[in-house]
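# Provided below for reference: sequence and predicted model.
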Amino acid sequence: MAPVPISPINVGHIDDVQELRKARPATIPERFVRDMTERPTLATALQPPDTVPIIDFSRLVKGNKDEYKSEMLQLTRACEEWGFFQVINHGIDLSLLESIEKVARDFFVLPLEEKQKYPMLPGTVQGYGQAFVFSEDQKLDWCNMFALGLEPHFIRVPKLWPAKPLKFR
């Protein structure tokens, strides 16, 4: 089933970040400039990267009851306080992860016209574009995104799976 917005949403024009970077504009478009009150302070920005939460997946899958409980608390805290975390001991072969990363990189270096064949429609979160955009006045993240739903199977949208790079499929 194709992604369909819940209601009509006017998101206005959204510039492609990679194309903006290539054009080297004199100023950043206002849609990407957050108000000073929304920006991190210097103290927050200077936190060492080693403070990013690390979740040991093996403790969630194979750990004893106490290890599981402890790791679940860390996972909960990471989600609530950080919104992301690093996973270790997940059992996924490094060569598989590297090949996935290469295919993703190969997709993002394609010409804009090719990537735009798989648009993220307003109000949806699958495809190429900006996710979670609900108004013309909303500030956007400085990034390009490509998202696909995999599980459960009924959320998959086959027409959003790119033909290029060939290894993507």
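In hand now; what should we look at?

# ranges for the strands of the chain?
Along the chain, counting by DSSP state E, strands occupy 54-56, 86-88, 127-129, 145-147.

# for these, give me CSV that also has mean neighbour count.
(Each C-beta comes from the backbone N, C-alpha and C, glycine too.) Output for the strands of the chain, formatted as CSV (neighbours: other C-beta atoms under 10 Å):
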stretch, mean neighbour count
strand 54-56, 16
strand 86-88, 12
strand 127-129, 22
strand 145-147, 16
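
# look up the closest residue to residue 129, ignoring the ones flanking it.
Take residue 129 and drop its neighbours on the chain: the residue closest to it by C-beta to C-beta, 6 or more residues apart in numbering is residue 120, 3.4 Å away.

# to residue 138, which of the strands of the chain lies closest?
For residue 138, the closest of the strands of the chain is strand 127-129, at 13.4 Å, according to C-beta to C-beta.

# show me what the closest one is packed up against.
On a contact count with 3 or more C-beta pairs under 8 Å, 6 or more residues apart in numbering; DSSP states H and E, strand 127-129 meets strand 145-147.

# what do you get if the cut-off is 10 Å, keeping everything else the same?
helix 112-115, strand 145-147 (3 or more C-beta pairs under 10 Å, 6 or more residues apart in numbering; DSSP states H and E).

# doesn't residue 60 make contact with residue 85?
No: applying C-beta atoms under 10 Å, one finds residue 85 not in contact with residue 60, separated by 11.9 Å.

# got any residues that touch both of these two?
Listed contacts common to residue 85 and residue 60 are 74-75; contacts here mean C-beta atoms under 10 Å, 6 or more residues apart in numbering.
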